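> Provide a 3D model corresponding to the input given below.
(one chain, ligands or ions: 1)
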Amino acid sequence: MKNENELETKTIKNNFFKDKKNIAIIVLLFLLFCVSCAYIMPTDVSRYENELTELNNQITYLQSQINNLKTENATLKEEKTKLEKDKNNLEEQKNTLESEKQELNKKIDELAKAKEKEENSATLAKSSSSQLSTSATVTNSPSTNTSSSANNNNSQMVWVGNTGTKYHKQNCRTLKGNGHQITLQQALAEGREACKVCY
Ligand SMILES: [Zn+2]
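Got it, this is the predicted structure:
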C-alpha cells in the first residue's frame, strides 16, 4: 500500500513538471511579479526619498529655528540680567530716596515744632508785652520826667574859652575868667567835648 502511494505522488510531480504549459505559466507569473516590482518599487522609493528629503529639510529648518531660539534665549537672558541689575539699582535709589524722605519729614516735623514753640513764645511775649505795656504805662510818668531832664540838658548853659575844643563849667580854672556862655546843644553841635578838669 505505501509503495503504491509514493509511486502515485512521484508520477503526479513528474507529470506536473513535464507539462510545459505549467512551467510557462510559472515563468510568466514570475516575470509579472518582477515587472510589477520594478514599476512599483522605484516610485515608492522615490516617494520615500522625497519624503525623506522633505523631512531632512524640515529637520534642518527646525534645527535653525532651535539655534535662533537659543540665541534669542541667550539675548533674553542677558536682557533679564540687565533688567535685574537696573531693578536692583532702582530699588537702591528708592531706598535712598525713602530715607531722604524720612529725613525731610523729620526736618519738617522739627520745623513745625520749632514754629509752634515760636508761636507759643510769641503769644507769651505778646501777653508779657501787654503786661509790660501796662507796666510801661505805669512807668510812663518817670520816663517823661527823664525826657524833661533831657530838655533841661539841651537848654543847659556851658562855658567855652576863646581857644580850645572843650566846654566847661563857669568856675573852671582853665578858663581863667575868660570865655563866654553858649548852650550845651550848641557846644555839642560844634563838636566840643566836656572838659576833664571841671567835668
Ligand atoms: Zn574846664
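> how's this structure carved up into domains?
69-119, 156-199 (automatic domain parsing).
> what's the most buried one of the ones you listed?
domain 156-199 (a mean of 14; mean count of other CB atoms under 10 Å). For the C-beta atoms, the positions are set from N, CA and C on the backbone; glycine is no exception.
> that domain close to the ion?
Yes - using CB under 5 Å from the ion, domain 156-199 reaches the ion at His168, Cys172, Thr174, Cys195, Val197, Cys198.
> for the chain, what's the longest helix?
helix 20-138 (DSSP state H).
> next SSE after the worst-scoring helix or strand of the chain on mean pLDDT?
Every helix and strand in the chain was compared by mean pLDDT, DSSP states H and E; the lowest is helix 140-154, with a mean of 48. Scanning forward in sequence from helix 140-154 by DSSP states H and E, the next helix or strand is strand 157-160.
> pLDDT on that next one, on average?
Strand 157-160 shows a mean pLDDT of 92.
> helices or strands up against whatever helix or strand comes next after that strand?
Downstream of strand 157-160, the next assigned helix or strand under DSSP H and E is strand 166-167. For strand 166-167, the elements it packs on are strand 157-160, strand 193-194, judged by 3 or more CB pairs under 8 Å, 6 or more residues apart in numbering; DSSP states H and E.
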